[in-house]
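Asker: sharing a model prediction with you, sequence too.
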Amino acid sequence: MTAIGVDRTGYRDITAVWYFVGSAAFLGGFFDVVDGTPFEIAFLASAASFMYLSVVLRTRTLLFVGMVRVSSRPWSSGAYVGLLTLVGMRLRRVPPSTIVTARISAVKAGLQGVSVNDLEAHYLAGGNVVRVVNALTSADKANIGYPSSAPR
């Protein structure tokens, strides 16, 4: 019901997430009913086939799974970006992979004070965040001072 309500508002981009949450809750509850019965294997087979169809049809129900994949890159490199921050970027139509790439470059170069919010604000203002981080890295390596609010 939440997904139907969200679909009728201006936040239609997150409808798929609510359909996914609702269907996962329904299937989880229904599995408790068929657990230990002959229908258990049929239920698991039908659930797996529905998951396969959602991947083949490229529906947006797997938005959250895509965010987990994108969030693993900064986590493994030490440039932490929260999962909810990545979902928020997607909803604001900011490509998370661009911001994550720039953030990883900034952290690996040792740049202090370059936050995810600064990079996202720069992107939304029409800037090229990867070029800015590369320029800040070059300036840092050449010992050229730059203002602390450079990415803004």
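Answerer: Yes, it's here. For clarity, every value in this text was computed on a predicted model and none was experimentally measured. Residues are numbered from 1 along each chain as shown.

Asker: in the protein, which helix or strand is least confident?
Answerer: In the chain, no helix or strand scores lower on mean pLDDT, DSSP states H and E than helix 2-7, which sits at a mean of 57.

Asker: can you map out the helices along the protein?
Answerer: Using DSSP state H, the helices of the chain run over residues 2-7, 15-34, 39-56, 63-77, 83-91, 96-109, 116-124, 129-141.

Asker: would you reformat the ones you listed as JSON lines and include mean neighbour count?
Answerer: Bear in mind the C-beta positions are built from the backbone N, C-alpha and C, glycine included. Output for these, formatted as JSON lines (neighbours: other C-beta atoms under 10 Å):
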{"stretch": "helix 2-7", "mean neighbour count": "14"}
{"stretch": "helix 15-34", "mean neighbour count": "14"}
{"stretch": "helix 39-56", "mean neighbour count": "12"}
{"stretch": "helix 63-77", "mean neighbour count": "15"}
{"stretch": "helix 83-91", "mean neighbour count": "17"}
{"stretch": "helix 96-109", "mean neighbour count": "20"}
{"stretch": "helix 116-124", "mean neighbour count": "19"}
{"stretch": "helix 129-141", "mean neighbour count": "16"}
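
Asker: pick out the shakiest of those, pLDDT-wise.
Answerer: If you rank the helices of the chain by mean pLDDT, helix 2-7 sits at the bottom with a mean of 57.

Asker: quick one, domains of the chain?
Answerer: 2-58, 69-141 (automatic domain parsing).

Asker: backbone dihedrals for residue 93, both of them.
Answerer: The phi and psi values for residue 93, taken as degrees, to the nearest 10, are phi 60, psi 40.
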